[in-house]
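Undergrad: here is my input, please return the structure:
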Amino acid sequence: VTGGSSGIGKAIAQKLSDEGIKVVIADKADSEKLAGGIEFRKCNVTSGREIDELYSWTTENFGHPDYLILNAGQGIQEKLSEGDPEKWKQVLDVNIMGALRCIRAFTPHMISQKKGNVVFISSVSANQPHAYGGIYAASKTALEVIAETLRQETLPHINVTVVSPGIVDTNFFKNQVSG
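TA: Prediction:
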C-alpha cells in the first residue's frame, strides 16, 4: 500500500491485515503505530531507485505480492494563472509518475503469473474541473486513464480497480503542497 502510513492508505492496510493478508506499507512519512501483520518500508514514490528497492525487499522478505494498492497522492489548490509550475510538477510526480513507477516494478511478475490485483485510489475530482483544483483533478484523471490502459493491456489476468473517494477526514488537506 503506497502512502499507507496514514489516512485512507492506513485504513486499507488495517482492513487487509484484519482479513489475514500480509501487508507492506510504503511511505515517505514515518508510519504511525502499526498493527500486527503490517510491515513498514520507507519509500518515496518519486524515486525509481526506491521503488525498485521496495520491490526487491518485498519479494525477498514476503514473496511476490498479489495486490498492489496505489494510494500515495498529494493535493494542491492553486489558480492556474498564478500557481507555481514547480509545485505542479511535484504533485504530478507523486500522483502520476509514482503510480507508473510502481506499475513498472510490480506488475511484470503478476503478468507472467497471469494473476494479480492493482487498485488505484483516485478521487471524485477526476474528470471534474474546478477552480483552484485543476492540477489535482488532472492528475487523478490521468491516473484513471492509466488504470484503464493497464486493465486493457493485462486482460484477462490482472484485476484493475479504481476507487474514487470524496472528502475523507484525514490529514490530506494538511499535507497539500502549500505556497
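
Undergrad: what about the helix ranked longest in the chain, average pLDDT?
TA: Once the chain is assigned using DSSP state H, the helix that runs over the most residues is helix 134-154. Mean per-residue pLDDT for helix 134-154: 97.

Undergrad: tell me the angle of the next helix or strand after that helix relative to helix 134-154?
TA: Going down the chain from helix 134-154, the next helix or strand is strand 158-163, by DSSP states H and E. On the basis of axes from the mean of the first three to the mean of the last three C-alpha atoms, to 10 degrees, strand 158-163 is oriented at 160 degrees to helix 134-154.

Undergrad: please name every helix or strand in contact with strand 158-163.
TA: helix 98-113, strand 116-121, helix 134-154 (3 or more C-beta pairs under 8 Å, 6 or more residues apart in numbering; DSSP states H and E). C-beta coordinates here come from the backbone N, C-alpha and C atoms, glycine included.

Undergrad: contact partners for the closest residue to residue 3 other than its chain neighbours?
TA: Distance criterion C-beta to C-beta, 6 or more residues apart in numbering; nearest residue to residue 3, sequence neighbours excluded, is residue 72 at 3.3 Å. Residue 72 is in contact with 2-3, 9, 26-27, 45, 94-95, 98-99, counting by C-beta atoms under 8 Å, 6 or more residues apart in numbering.

Undergrad: format these as TSV; extra columns: distance to residue 83.
TA: Output for the contacts of residue 72, formatted as TSV (distance: C-beta to C-beta, whole Å):
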residue	distance to residue 83
2	25
3	23
9	26
26	29
27	26
45	22
94	16
95	15
98	20
99	22
